[in-house]
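Q: this is a predicted model, with the sequence first.
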Number of protein chains: 2
Amino acid sequence: MYWKPEIEILPRAQLHTLQIQRLQESLARAAQSPYYGTLFRKQGIRPESIRTIDDVRRLPFTTKDDLRSNFPYGFLTVPKQGAVRLHCSSGTTGNPTVIFHDNHDLASWADLVARSLYCAGLRDTDVFQNICGYGLFTGGLGFQYGAERLGALVIPAAAGNTRRQIKLMQDFGTTAIHTIPSYLFRLHSAFVELGLDPQRDTSLRLFVIGAEPHTEAQRQRIEALFGVRAFNSYGLSEMNGPGVAFECEHQNGLHVWEDAFLTEIIDPDTLQPVPDGEEGELVFTTLDRHAMPLIRYRTRDLTRFIPGECPCGRTHRRLDRISGRTDDMFIIKGCNVFPMQIEKVLMRFAEVGTDYVIELETIDGNDEITVKIELQKAWFTGDIEALEKLSRRIANEVRDEILVTPGVRLVEPGSLPKSEGKAVRVIDCRKS
Amino acid sequence: MYWKPEIEILPRAQLHTLQIQRLQESLARAAQSPYYGTLFRKQGIRPESIRTIDDVRRLPFTTKDDLRSNFPYGFLTVPKQGAVRLHCSSGTTGNPTVIFHDNHDLASWADLVARSLYCAGLRDTDVFQNICGYGLFTGGLGFQYGAERLGALVIPAAAGNTRRQIKLMQDFGTTAIHTIPSYLFRLHSAFVELGLDPQRDTSLRLFVIGAEPHTEAQRQRIEALFGVRAFNSYGLSEMNGPGVAFECEHQNGLHVWEDAFLTEIIDPDTLQPVPDGEEGELVFTTLDRHAMPLIRYRTRDLTRFIPGECPCGRTHRRLDRISGRTDDMFIIKGCNVFPMQIEKVLMRFAEVGTDYVIELETIDGNDEITVKIELQKAWFTGDIEALEKLSRRIANEVRDEILVTPGVRLVEPGSLPKSEGKAVRVIDCRKS
């Protein structure tokens, strides 16, 4: 029933005791880092004085800006040689952000992902095809280590090459897939094109989907298309990556692993906790990370706790689907993108004028991004070949930056709609 | 001095004893697989009857064709659920080949890679940037697990995006890189374009290069360009991937880890051992792999044992650089390519005629592949746009197959030079 029953069904009173004990350890460790060391001294915070969950409110928040300002080593509790892995963002909107892991952290992360996958129904008898980017993106290595830890047979398929993905599924009898939800629509089209029926011609029985905003309706469409249940995964690179919160068989919200992540939901304006069950900004404190603990990290993600107990018996609370974000970041094909990243690339091109707009649409079930760009007057000529070349150069450089290839449409100076006040840079027409 | 001294400097007599003991275990395990079980019974081979290294000659060889014919589970000694990872080739030249690993195998592989990297001089104080494909390609996960095992700080940089690679090196003080040799030339050009000097503006001190044929002259050019020592790595996916043989500080051949791989060099025609120090085909028997042991696997790689002892004190013999292959496979940008793979893609296009040629060249220090293709007469029109579109479609499909984007040149029917007898499909003009 459970991967780690001694933790997953721990009565909440004991879970609180564990949290407090681990919180004190985390704070003591955090105090070893340059950033928190200075901050705690300045604010007179002593780890041992945090004795109840309510005491947590006396601790300072940490933001992405704090991570950026103290890049790269400000949050490290050990010399960098003590770490064995880093994952970082590309970071041309100011400094990148980076998370370091030591051996303990990698083992703890793999265990959380194993627990999450088990919670969604993966077993060591499954063949698990991990269709997502590897390398610095946390989904690849995160699910690889976790699914191996669980004991499933893992196919490190990585992203792309849909025909080969299907061949892998057929060759090895893949039963479970992790990928972004929009990819499953593309995958289904490819099955149809090849004259295959995934229900008849594969052994698929379980999908894990995440890293991309999607609605309950989309999930149900995926499940109907394939005849396979799809489970939501939630994570963010600042909290390792995948393995933060996961759905169980009841698909009624995502159990957040409260032994590893102290979880709050706050009003993003007053910074006070919202009443139970109401929506607010998700805030995490790591409880089991050694190299780089984070205290009250503001995720910018908006959600709520789902009240009540889950029939699965797990005592860890459930988060609702992420309903939005408090900043302008958007997620496309599993990549986090800030409009500023695209702007910085555009600004490298002398040919580009002052206005641009980023359009997000759902085309044939896939999320697509198009950047419409006003050219400088001198460059807006009838030379189609030159314009096409420029489009391609821009598309390539944007892709290098955001890891997704955008459509690029070069338009006449002054032709984009102007807005009063703050420019509208992102138009999100994706089907929700 | 050594990662695992009890193995690395083991006197050869004791190494032989260890090999025989492990060989018998490997054979007993192999006998559990459908393929070797049947073969051993047919040939009357009993593992316990193999008592000396010379007895090995009584064992049958295994070839890539055997792997293909018994795809996917013929060599597995356990139910597939006992494995936790597979790596496979794309395999449109007949069946793909696949290697399965259980937990023991992954730990053993990581340890061999850690030992190899340590042998080349990597230490747990290093920052190791792994610039190569992740996923099914064994270089990514192979070096990731191995370098983490060693305790270095690993940046899972993956391949591509050279500007970002340089930013990573600068942000985190990268001291060591693993990549294919041709990429280092591209990297150096990018440094120069950015007005940077790698010697002045980075902390680089060690390169590990492999997965692509290259000469001593190329290595020396790399070392001179960067002022960084470059160490050769040898591996192949059938023997896990990286971690089979590695250079030590003396750069005088690659120590092959004989506790894990029983190594022979044979005459590819007579199949008899060549005299010591003479060139022949490299043949390996796994001595420490549980899920899928391979007996006398013919690598098709040509090399020789370098006679004499190495001043480093390691007792494991040294292999010379791979001088060629006994088949028509070539390696480009770290990917193994059989001409037949490309041919099968071309044959999907009605527009394509009967003749084509694959040209390999070194352009600005990079290996490039171009496919020249004769069109069918009806399709060779003056419609440049249609031809360009076709070229792009072909290039994309070839890339999906071989993982490298080729140049495509469509030519007039009958315009390619014809050869007497066997068509010359590959023209390798790469600088050696």
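A: Structure's in. What do you need?

Q: which parts of the stretch 101-250 of chain A sit against chain B?
A: Within the stretch 101-250 of chain A, the residues that sit near chain B (C-beta under 8 Å from any C-beta of the partner chain) are A:103, A:106, A:124-125, A:127, A:133-136, A:140-141, A:144, A:147-148, A:151-158, A:161, A:163-164, A:168, A:171-173. (C-beta placed from N, C-alpha, C; glycine too.)

Q: buried ones among those?
A: Among these, the ones that count as buried by 16 or more other C-beta atoms under 10 Å in any protein chain shown are A:103, A:106, A:127, A:133-136, A:140-141, A:144, A:147-148, A:151-158, A:161, A:164, A:168, A:171-173.

Q: got the buried residues for the strand ranked longest in chain A?
A: When chain A is parsed with DSSP state E, its longest strand is strand A:352-363. For strand A:352-363, a neighbour-count test (16+ other C-beta under 10 Å) marks A:352-353, A:355-360, A:362 as buried.

Q: which one of those is nearest chain B?
A: Nearest to chain B among those is A:Val352, at 18.5 Å by C-beta to the nearest C-beta.

Q: so how many other residues sit close to A:Phe380?
A: Look at A:Phe380: counted by other C-beta atoms under 10 Å in any protein chain shown, it has 17 neighbours.

Q: ugh, typo on my part, it should be A:Arg29
A: A:Arg29, neighbours per other C-beta under 10 Å, totals 19.

Q: repeat that for the one 5 residues further on.
A: The criterion is other C-beta under 10 Å. On that basis, A:Pro34 has 13 neighbouring residues.

Q: could you give the mean pLDDT of the helix or strand just after the longest strand of chain A?
A: Next in sequence after strand A:352-363, counting helices and strands by DSSP states H and E, comes strand A:366-375. For strand A:366-375, mean pLDDT rounds to 92.

Q: remind me which helix or strand A:Phe246 belongs to.
A: Assigned by DSSP H and E, A:Phe246 falls in strand A:241-247.

Q: quick one: list the elements packing against that strand.
A: Here strand A:241-247 touches helix A:103-120, helix A:138-150, strand A:229-236, strand A:254-256, going by 3 or more C-beta pairs under 8 Å, 6 or more residues apart in numbering or on different chains; DSSP states H and E.

Q: now those as CSV including mean pLDDT?
A: Converted to CSV, the helices and strands packed on strand A:241-247 look like this (pLDDT from 0 to 100):
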stretch, mean pLDDT
helix A:103-120, 98
helix A:138-150, 97
strand A:229-236, 97
strand A:254-256, 98
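
Q: need the ones you listed in TSV with distance to B:Thr370, can you?
A: As requested, those are exported to TSV (distance: least, C-beta to C-beta, whole Å):
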stretch	distance to B:Thr370
helix A:103-120	43
helix A:138-150	31
strand A:229-236	43
strand A:254-256	50
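
Q: quick check: which of these is nearest to A:Gly324?
A: Smallest distance to A:Gly324 across the helices and strands packed on strand A:241-247 (C-beta to C-beta): 14.1 Å, for strand A:229-236.

Q: residues in contact with the closest one?
A: Strand A:229-236 has contacts (C-beta atoms under 8 Å, 6 or more residues apart in numbering or on different chains) with A:116, A:120-121, A:138, A:142, A:178, A:181, A:184, A:205-211, A:219, A:222-223, A:241-247, A:251, A:254, A:256, A:299, A:301, A:319, A:321-322.

Q: got it, and stretch A:46-63?
A: A:16, A:19-20, A:23-24, A:27-28, A:30-31, A:39-40, A:43, A:45, A:262, A:264, A:271, A:273, A:283, A:285, A:294-298.

Q: got the end-to-end distance for that stretch?
A: Start to finish, the residues bounding stretch A:46-63 are 21 Å apart (C-alpha to C-alpha, to the nearest Å).

Q: output the below-cut-off pLDDT ranges for the stretch 301-432 of chain A.
A: Applying pLDDT under 70 to the stretch 301-432 of chain A flags residues A:354, A:419-423, A:432.

Q: give me the residue from it nearest chain B.
A: Per C-beta to the nearest C-beta, A:Asp400 is where the stretch 301-432 of chain A lies closest to chain B, at 5.0 Å.

Q: packing partners for the helix or strand harbouring A:Arg164?
A: Following DSSP H and E, the helix or strand that holds A:Arg164 is helix A:162-172. If you count contacts as 3+ C-beta pairs under 8 Å, 6+ apart, helix A:162-172 packs onto strand A:127-130, strand A:153-155, helix A:181-193, strand B:85-88.

Q: packing partners of the shortest one?
A: Taking 3+ C-beta pairs under 8 Å, 6+ apart as the contact definition, the neighbouring helices and strands of strand A:153-155 are strand A:127-130, helix A:138-150, helix A:162-172, strand B:85-88.

Q: go again with 10 Å.
A: Where contact means 3 or more C-beta pairs under 10 Å, 6 or more residues apart in numbering or on different chains; DSSP states H and E, strand A:153-155 is packed against strand A:127-130, helix A:138-150, helix A:162-172, strand A:176-179, strand B:85-88, strand B:98-101.

Q: any chance of those in a markdown table with distance to A:Phe380 as columns?
A: A markdown table is the format used below for the helices and strands packed on strand A:153-155 (distance: least, C-beta to C-beta, whole Å):
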| stretch | distance to A:Phe380 |
| --- | --- |
| strand A:127-130 | 45 |
| helix A:138-150 | 40 |
| helix A:162-172 | 37 |
| strand A:176-179 | 40 |
| strand B:85-88 | 50 |
| strand B:98-101 | 54 |
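
Q: out of those, nearest to B:Gly74?
A: Of all those, it is strand B:98-101 that lies closest to B:Gly74, at 10.1 Å by C-beta to C-beta.

Q: so what secondary structure elements neighbour that closest one?
A: Contacts defined by 3+ C-beta pairs under 10 Å, 6+ apart place strand B:98-101 against strand A:153-155, helix A:162-172, helix B:64-69, strand B:85-88, helix B:103-120.

Q: how about the third one: buried residues?
A: Right, the one you point to is helix B:64-69. For helix B:64-69, the neighbour count (16+ other C-beta under 10 Å) marks B:64, B:66-68 as buried.

Q: residues in contact with A:Ile7?
A: A:14-15, A:18, A:111, A:115, A:257-260, A:314-316 (C-beta atoms under 10 Å, 6 or more residues apart in numbering or on different chains).
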